[in-house]
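Colleague: Just need the structure, nothing else, for what follows:
(chains A, B and C)
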Amino acid sequence: MREALLALFLSSAEPLSRERLAGIFADDPEYAGWQAALEILLATGEGPMQLVAVAGGYRLQIHPRHHALLARLHVEAPRPLSKAVLETLAIIAYQQPVTRPEIEHWRGVSVGASIMQQLQELGWIAVVGHRESPGRPALWATTSEFMQHFALTSLEDLPVAMTGK
Amino acid sequence: MREALLALFLSSAEPLSRERLAGIFADDPEYAGWQAALEILLATGEGPMQLVAVAGGYRLQIHPRHHALLARLHVEAPRPLSKAVLETLAIIAYQQPVTRPEIEHWRGVSVGASIMQQLQELGWIAVVGHRESPGRPALWATTSEFMQHFALTSLEDLPVAMTGK
Amino acid sequence: MVNAGMGQAVQVNGQPLDSLPEGLFIPPDALELLLDSFSGPLELLLWLIRRNRMDIRDIPVAEVTRQYLQYLQEARRRNLELAAEYLLMAAWLAEIKARMLLPVPPTRDDEEMDPRLELVRRLEALALVQGQAEALQSLPQSGRDFWTVNPVHYEDLSPSPPLLELIDIAAAWLRIQQRPVRRDQPVHQLSNPAMGLRQRMVEVLLCCRRDHRPWSLLELLPELSRQALTMSLLAILELLRQEALQLLEDREDGWQVSIAGMEVPQRA
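Modeller: Model (predicted):
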């Protein structure tokens, strides 16, 4: 049972929610007890892996005790985000859903198309609708990939910003 | 040691070669014995995973014994065939052995390669011969998988489609 | 305006901007760097306010405007390109300054009439965004601070069969037959439309396909009922007519056929 559960998590590119798992195991008697196996996996992990709650589901991560070794494999760290990109992402993450004119108002400067494009290519933002105002501007929000990248369980986990400098 | 090796394979998007592993473990005494661990992993796998040799090194894959379960996660729910595919299948079923130009004649439109491919991927049609006419067109017929899927013992069991003439 | 005497004493590279001395002092190459690092006039203004340790809610507009304009003048003196937004901000600051000199009309809510209010709102919003950006930056990131399990490969899973019933195929065939058909291409119509004949035709083809050699007629005729024999014979004749089978030679021991489109080894 534990192996079957692991096989699902190992093969999945997306976090799997309890609802999704329930749909897969359905009422198949062969997989009764999957919930108990999930609890054990969450509590103890498996070998070098730990199961972590992220973006409304669970996904496998490598246990931090192996990080020094992994750094030798993944020598190319992701490029740091520019200040403009980071601020735009922050506005979308904390104020979502938000239109581009609103983002520009928050930052006090225009937001170049390349900034939005970069965030879209990362898969971190997407259009989720339109505001019913003149021009019907697109409403931007963060995606599940954004939460996965920053290991957030939900948007409520976004850290509180300190401003009173 | 086995865990460290697994951690590397689990976090890597590409296969890892022995040379690459040797570069990572270097002569670090902490990881002496990685080669023996690799042999064991190759021989016995780990939980639901097996380590297989592919171009460029080794990579993990899920043991086929879990495929039925993985299909529930990864394979799309059954959908109806498109009209074009259904018509093509009907012509092959009732007119076999039949060439593609003849199918096109019956349908009155050309039959895209993707239609034939879709039916072939289902395992429902196959080439059974050729006509000795210009271009030597392939003759298509339904397969025994098709018969099995619809529980037919012979083509005579196909429902009679009366034109009512 | 610019204290050129101290210019050599200050290193620009590697120095955080906040370490610049109090008051307006711009070392030779610093201004360009400075303007580059600001995303716009609002940010330059916020930086000036923080550097002067002013209260964002009670901005001494005259002093901030003076410093802000000095930066702009210095930039212009060095022929640096400034976005129009910087000049708009200058105009806004001048307007606020002018309105603050006017006597305040009597109202119930003084704060409502403070000409600085909108500017304060904008600055506070920017300060919040900067804080949020920093907070995001502090989060652990995948591939930098932690690693996820890359999806493990699995071999092709067979696709689930489409939702389809036999009757759908029959219905489709019926529809096709009822359509007006173009007659400009040959279609091999059987005189006898029975599916049994088609079944046998496919079987004969598959049989010939198994082994790349000429087949004698007898080999292809099952020793079954007369009806089956008739059907097989008809199937072979039909396949010959449709040129799906080739008649190789008419010998004493009977016909030999082979599947069309396939090279048959010559017999010595």
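Colleague: in chain A, which spans are helices?
Modeller: A:2-11, A:18-25, A:34-44, A:67-73, A:83-95, A:100-107, A:113-121, A:144-149 (DSSP state H).
Colleague: closest to residue C:49 out of those helices?
Modeller: Evaluated with Cβ to Cβ, those place helix A:100-107 nearest to residue C:49, the distance being 16.8 Å. Using the backbone N, CA and C atoms, a C-beta is placed for each residue, glycine as well.
Colleague: returning to that earlier point: can you redo the helices of chain A as a markdown table with mean pLDDT, distance to chain B and mean neighbour count?
Modeller: Formatted as a markdown table, the entries for the helices of chain A read as follows, by pLDDT from 0 to 100; distance: least, Cβ to the nearest Cβ, whole Å; neighbours: other Cβ atoms under 10 Å in any protein chain shown:
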| stretch | mean pLDDT | distance to chain B | mean neighbour count |
| --- | --- | --- | --- |
| helix A:2-11 | 92 | 4 | 22 |
| helix A:18-25 | 91 | 5 | 16 |
| helix A:34-44 | 93 | 10 | 15 |
| helix A:67-73 | 89 | 5 | 16 |
| helix A:83-95 | 93 | 24 | 22 |
| helix A:100-107 | 91 | 33 | 19 |
| helix A:113-121 | 93 | 17 | 15 |
| helix A:144-149 | 94 | 15 | 20 |
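Colleague: how about those helices, which one is nearest residue C:92?
Modeller: The stretch from these with the least distance to residue C:92 (Cβ to Cβ) is helix A:100-107; that distance is 14.4 Å.
Colleague: What helices and strands are in contact with that closest one?
Modeller: In terms of contacts (3 or more Cβ pairs under 8 Å, 6 or more residues apart in numbering or on different chains; DSSP states H and E), helix A:100-107 is packed against helix A:83-95, strand A:138-142, helix C:117-138.
Colleague: Would you mind writing the CA trace of stretch A:101-111 as PDB?
Modeller: What follows is stretch A:101-111 as a C-alpha-only set of coordinates in PDB (Å, rounded to 0.1, in the frame of the first residue of the first chain):
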ATOM      1  CA  PRO A 101      -2.700  49.600 -14.400                       C
ATOM      2  CA  GLU A 102      -3.200  48.800 -10.600                       C
ATOM      3  CA  ILE A 103       0.300  47.300 -10.500                       C
ATOM      4  CA  GLU A 104       1.700  50.400 -12.100                       C
ATOM      5  CA  HIS A 105      -0.100  52.500  -9.600                       C
ATOM      6  CA  TRP A 106       1.400  50.600  -6.700                       C
ATOM      7  CA  ARG A 107       4.900  50.700  -8.000                       C
ATOM      8  CA  GLY A 108       4.700  54.300  -9.300                       C
ATOM      9  CA  VAL A 109       6.200  53.300 -12.700                       C
ATOM     10  CA  SER A 110       5.000  51.600 -15.800                       C
ATOM     11  CA  VAL A 111       5.400  47.800 -15.900                       C
END
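Colleague: And for the closest residue to residue C:221 other than its chain neighbours, the neighbour number?
Modeller: If the residues on either side of it in the chain are set aside, residue C:221 comes closest to residue C:232, at 5.1 Å by Cβ to Cβ, 6 or more residues apart in numbering or on different chains. The burial metric for residue C:232, expressed as a neighbour count using other Cβ atoms under 10 Å in any protein chain shown, is 20.
Colleague: next one: residue C:175
Modeller: 14.
Colleague: Show me what counts as buried in the host helix or strand of it.
Modeller: Residue C:175 is part of helix C:166-178 when elements are defined by DSSP states H and E. Buried residues in helix C:166-178, counting neighbours by 16 or more other Cβ atoms under 10 Å in any protein chain shown, are found at C:168-170, C:172-174, C:176-177.
Colleague: Any idea how far apart the tips of stretch A:67-78 sit?
Modeller: Start and end residues of stretch A:67-78 are separated by 15 Å (Cα to Cα, to the nearest Å).
Colleague: quick one: contacts for the residue nearest to residue A:143 when sequence neighbours are not counted?
Modeller: With Cβ to Cβ, 6+ apart as the measure, residue A:126 is the residue that lies nearest to residue A:143, at 5.1 Å, once sequence neighbours are left out. Listed by Cβ atoms under 8 Å, 6 or more residues apart in numbering or on different chains, the contact set of residue A:126 reads A:120, A:140-141, A:143.
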